[in-house]
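Undergrad: Any chance you could fold what I've pasted below:
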Amino acid sequence: MFDDVRIAIARRDIASLSREKTIVLALAIQVFIAAFSSFLVVGLTSLYDPGSVESGELTFGVSGDTRDELDEAAREAGVEIEQYPTQAAAMDAFQRGEVVGVLAADASGERIAVTATVPDGSIQSTLAVVKARDVLEALERNERTDRAAYLETDPVPLPPEADASSYFGFTYTVLVPLLLFLPPFISGSVTVDVLTEEIERGTLELLRVAPVSLTDIFDGKALGMAILAPLQALLWIALLAVNGIAIENALPLVVLVSAVALLVVVLGAVLGLTLGQRRQAQLLYSIIALGLFGAAALLPEHPATVAAKLAVGSQTTATTATVLGLSVLAVVSYAATRRYVGSIDPERY
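TA: Numbering: from 1, shown residues only. Got it, this is the predicted structure:
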């Protein structure tokens with residue numbers, strides 16, 4: 001009978017989510033992102049890395065004593081330039097719209113001082129800043145190389161440059177972890193709501209009259225919310241695959257999401273039962289959950305990194321160990337919380 005009671009409680013809580021406009025809106029947004037990810041990733045990547053956007057030919061006006069060095073750096077950075085005899089002439093061309101920006105480079109002793117001028121307050125200005133940065137980085141790299149022979153000690157060698165797609169990086173390091181870890185966070189928040197709502201309305205006592213123990217109530221509410229997250233993760237993975245974004249290791253990813261979901265649901269349940277007030281419990285839940293997610297950076301691999309590595313099929317021993325460790329921690333936490341709930345005096349509610 002207890003198993004049926006737990007299932008009934010979980011089914012009731014899941015069904016009640018359709019009446020929560022905030023939850024429905026959050027799910028709708030996630031469905032939209034997952035279903036149309038191949039289109040959204042283009043625009044989102046432009047915010048993540050503006051330099052990845054094909055901006056056409058952006059021509060900079062170059063002036064100053066060392067404009068030849070800038071010319072060489074611009075060619076390496078793939079930027080078109082137009083040389084002018086003076087900075088004033090370059091600025092006139094900028095005002096007429098003939099160039100998108102001005103780079104004035106003058107020698108100051110043994111240094112090169114570059115003054116960059118770009119448009120203000122437009123999308124083009126963002127692209128111009130990115131391209132100007134590329135030129136200046138190329139100029140710095142060239143100057144370091146040319147002057148290395150005059151150094152008393154050898155400089156640290158630069159790592160080899162690697163061609164990487166910003167779309168690939170954004171998809172697997174931002175989009176996929178976002179879709180996978182947002183459902184667990186919402187599940188934990190809903191757990192806080194369903195428990196504190198029962199306490200504030202006095203319906204928790206009615207449930208116990210069924211008769212249902214407090215542990216049974218915890219099982220039904222916690223497991224109901226913990227199951228939602230991996231189900232959503234499976235749906236998001238399927239929608240991403242439909243959009244042409246291949247996701248490897250679907251099963252380990254679902255296990256990872258399940259472990260994280262169970263951990264945050266346990267956290268939400270403990271706070272809900274301990275505080276009994278929705279506002280206080282939700283605030284504390286958000287702070288602790290975000291704090292724990294940040295503290296996870298101390299692990300050999302952050303859960304977001306684990307998700308990205310699993311998604312692209314480049315998992316390591318540390319990746320597998322993190323998934324197993326979080327799974328064991330989730331099960332132990334759930335068992336300890338059940339024991340804690342069983343020790344609570346029901347009369348306090």
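
Undergrad: Could I get the full set of helices for the stretch 201-349 of the chain?
TA: Here the stretch 201-349 of the chain has its helices, by DSSP state H, counting those that start in this stretch, at 203-208, 214-242, 250-275, 278-295, 303-312, 317-343.

Undergrad: quick one: contacts for the residue lying closest to L228 once chain neighbours are set aside?
TA: With sequence-adjacent residues excluded and distances taken as CB to CB, 6 or more residues apart in numbering, L228 is closest to S187, at 5.4 Å. Where you see a C-beta, it was placed from the backbone N, CA and C, and this is true even at glycine. Residues counted as contacts of S187 (CB atoms under 8 Å, 6 or more residues apart in numbering) are M225, A226, L228, A229, A261, V264, V265, G268.

Undergrad: Next one: S187 from M91, what distance?
TA: For S187, the distance to M91 (CB to CB, to the nearest Å) stands at 57 Å.

Undergrad: ok, now K309?
TA: Remark: distance between K309 and M91 (CB to CB) = 49 Å.

Undergrad: what about the two, which has more around it?
TA: Between K309 and M91, counted using other CB atoms under 10 Å, K309 has the larger neighbour count: 22 against 17.

Undergrad: low-scoring stretches of the chain, by residue?
TA: Within the chain, the ranges that satisfy pLDDT under 70 run 1-3, 14-27, 30-57, 121-124, 154-167, 169, 203-211, 345-349.

Undergrad: Setting the sequence-adjacent residues aside, check what's closest to the residue in the chain sticking out farthest from the centre.
TA: Centroid-distance maximum for the chain: P85 at 47.1 Å, with CA atoms, centre = their mean. Counting by CB to CB, 6+ apart, P85 lies nearest to S63, which is 7.0 Å off, once chain neighbours are set aside.

Undergrad: That neighbour pairs with what?
TA: For S63, the beta-bridge partners are A104 (DSSP bridges).

Undergrad: That one and R111, how far apart?
TA: Taking CB to CB as the measure, S63 and R111 are separated by 17 Å.

Undergrad: neighbour-wise, which of the two wins?
TA: Shown here are S63 and R111; by other CB under 10 Å, S63 has more neighbours (24 against 9).

Undergrad: which residue is nearest the middle of this protein?
TA: Central residue of the chain (CA atoms, centre = their mean): V174, 4.3 Å from the mean position.

Undergrad: got the phi/psi numbers for it?
TA: Main-chain torsions, V174, degrees, to the nearest 10: phi -120, psi -60.
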